[in-house]
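> I'd like to go over a predicted model; first the sequence, then the structure.
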Amino acid sequence: MLTHSFMSRWLLSSILLCLALPMLRAQSLVADLEAPVERGMAEWEVWGSQRSNALSSGTIHTFIEGGFLSRDFFKDALALHPALGGMGVDVGWSKRWTTRPLGQGSWALTGSFGSEVLVSSLWRKELMELTFLGNAGHTGRVDLMNGTGVRAGAFNRFSLGMENTKTRQRLELSLVQRMAGAEWGIPNGSFWVSEEADSMQVNVLSYALASLNELPDTNGLAWNQTLPAYGVGISGALPLTSEMWPLQFHVDFRDIGILFEPAGGMVAFVDTGISTTGLSVPLTSYIDDGLDNEQGLTWQNIVDGNTGYQLDSILLVSDSASSRMMMLPSRVQASLTWWPSPDVQIRAKVRAGSWMPSSEYTLGVGWIPGKRLAFGLDFRSGGWGGPRPVTWLKLRISEKRILSLEVDDPAGWFWGQEVAANTYGRGVRFSLQRLPGAGWSRFMGLPSRDLRKPLPRVEPVAPKTGS
């Protein structure tokens, strides 16, 4: 009887042990597994800006309206004109994405694609005065036209690379297509009229390039007439976040490389030197005020083609362009952000490239009233224009998505109104960002960890009891 009872208990224990071993092994296996790493950051953004350091919004609006423009209007517009004026236009969009880490490593596949249109123009103040006010105040001096020019391009870009889940360092190879481009410039030019306005000397070296197989006809420009160019560059990011202090330094660069322009585009060069003596004021032959009948050369003679002046050299060449290499419209940006308190953010940023004539500097302060909202005001200078305010807003619309809006020179958007007359441009940038998921390090600030310190822990005090 005892043997039978012992055998029954042994058999029951063996069965329970056989059932428990797989369960214990499964629990041990689950305990060793880590949570799967989710996808990294993704972002979609669109931007547009127009900025000048010489032509105010009121001046441009008056030009567009047209009508009679008085001499006083041009004098006032040129009174504040710098020695070298310029204007830039930048419009584009971009989409960025990052996958889950590859295999068991800490690197993930990342990339971006988008399009951008850039227009850059520069001119000297002397050229504007000669065009709109004439040379009455320029006699006896040499007016330079060096550096005057315009260039424009429409670009498509695609980049592919790797991003680290821990350091968030990113490196990509960029392929860039310039769909169409054009350029005109005066690398060397001067204009001189004697104090008596009886002698003139003009020297101009100018060129024009266009990525076209032929000039557009009356039906307009067709895509099969354009001559695309292709380039290659590198893009990436280097974020550095302090583990001890609420500081973050972020360097971002894009499309640092070479564009290969194929042969066949249209090109024209003009190299002209004109000198003459006996120059008179316009239409003097129609005024009889007792002057000598020999008026010399007049502007009317030039209009009629009856000049008789001597050409030192004049050369006009129009032909197909040869292949060449040129720099891509690269961009480099570095920013430093500091959180002196959980509710305040101070940032400084410098940006260069994108055909800007000078570097762009930004300094500002932001307020973070909660985990879902942050906004601020920046002061920006350089680039295509002088000092102006910039406002920005970040709104967390879900656990992982942030909506951002940045407005450059808000008053400039009131086009045609008095409040925008003294502004020199406008800009806007809109983006929707997805934060990286589990397994990825996040930046500080609104899209990262909360800087608010936890409340101090209070140890419970046991009540006193009487003896």
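Perfect, I can see it now. Numbers count the residues shown, from 1 in each chain.
> in stretch 58-78, what counts as buried?
For stretch 58-78, the neighbour count (16 or more other Cβ atoms under 10 Å) marks 58-60, 74, 77-78 as buried. The way it works is simple: take the backbone N, C-alpha and C, and place the C-beta from them, glycine included.
> do stretch 381-392 as well
382-385, 388, 390, 392.
> wasn't Thr362 part of a strand?
Yes: according to DSSP: H, G, I helix; E, B strand; the rest coil, Thr362 belongs to a strand.
> is it true that Met128 lies in a helix?
Yes: assessed with three-state DSSP, Met128 lies in a helix.
> okay, the helix or strand containing Glu163 in PDB with CA atoms only?
Using DSSP states H and E, Glu163 sits within strand 148-164. Extracted as PDB, the C-alpha positions of strand 148-164 are listed here (Å, rounded to 0.1, in the frame of the first residue of the first chain):
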ATOM      1  CA  THR A 148      26.600  92.200 -60.800                       C
ATOM      2  CA  GLY A 149      24.700  89.100 -61.800                       C
ATOM      3  CA  VAL A 150      21.800  86.700 -61.500                       C
ATOM      4  CA  ARG A 151      21.600  82.900 -61.200                       C
ATOM      5  CA  ALA A 152      18.700  80.600 -60.800                       C
ATOM      6  CA  GLY A 153      18.300  76.800 -60.600                       C
ATOM      7  CA  ALA A 154      15.700  74.200 -59.900                       C
ATOM      8  CA  PHE A 155      17.000  71.100 -58.000                       C
ATOM      9  CA  ASN A 156      15.800  67.600 -57.100                       C
ATOM     10  CA  ARG A 157      17.700  65.700 -54.500                       C
ATOM     11  CA  PHE A 158      17.800  62.100 -53.100                       C
ATOM     12  CA  SER A 159      20.000  61.000 -50.300                       C
ATOM     13  CA  LEU A 160      20.600  57.600 -48.600                       C
ATOM     14  CA  GLY A 161      22.700  56.700 -45.600                       C
ATOM     15  CA  MET A 162      23.000  55.400 -42.100                       C
ATOM     16  CA  GLU A 163      22.000  56.800 -38.600                       C
ATOM     17  CA  ASN A 164      23.100  55.600 -35.200                       C
END
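> show me what the longest strand belonging to the chain is packed against.
When the chain is scanned for its longest strand (criterion: DSSP state E), the result is strand 170-193. Judged by 3 or more Cβ pairs under 8 Å, 6 or more residues apart in numbering; DSSP states H and E, the packing partners of strand 170-193 are strand 107-124, strand 142-144, strand 148-164, strand 199-210, strand 229-241, strand 247-261.
> the ones you listed: which one's closest to Val407?
strand 107-124 (19.6 Å; Cβ to Cβ).
> that closest one vs strand 148-164, what angle?
Here strand 107-124 points in a direction 170 degrees away from that of strand 148-164 (axes from the mean of the first three to the mean of the last three Cα atoms, to 10 degrees).
> just to revisit the earlier point, in strands only, show me the buried residues of stretch 381-392.
382, 385, 388, 390, 392.
> need the worst-confidence member of the residues you listed.
Here the lowest pLDDT out of these sits on Gly385, with 91.
> I figured that residue hits Tyr424, correct?
Yes: taking Cβ atoms under 8 Å as the definition, Gly385 is a contact partner of Tyr424 at 4.7 Å.
> common neighbours of those two, please.
Common neighbours of Gly385 and Tyr424 (criterion: Cβ atoms under 8 Å, 6 or more residues apart in numbering): 51-53.
> list just the nearest of these to Gly88.
Each of the shared contacts of Gly385 and Tyr424 was checked against Gly88 using Cβ to Cβ; the closest is Arg51, at 5.6 Å.
> ok, Tyr424 - contacts?
Tyr424 touches 51-57, 385-386, 388, 409, 412, counting by Cβ under 8 Å, 6+ apart.
> how about Val390?
362, 364, 377-380, 406-409.
> Ser323 now?
260-263.
> can you lay out those residues as JSON lines showing neighbour count, distance to Gln333 and pLDDT?
Converted to JSON lines, the contacts of Ser323 look like this (neighbours: other Cβ atoms under 10 Å; distance: Cβ to Cβ, whole Å; pLDDT from 0 to 100):
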{"residue": "Phe260", "neighbour count": "14", "distance to Gln333": "26", "pLDDT": "93"}
{"residue": "Glu261", "neighbour count": "22", "distance to Gln333": "26", "pLDDT": "89"}
{"residue": "Pro262", "neighbour count": "14", "distance to Gln333": "31", "pLDDT": "87"}
{"residue": "Ala263", "neighbour count": "10", "distance to Gln333": "35", "pLDDT": "83"}
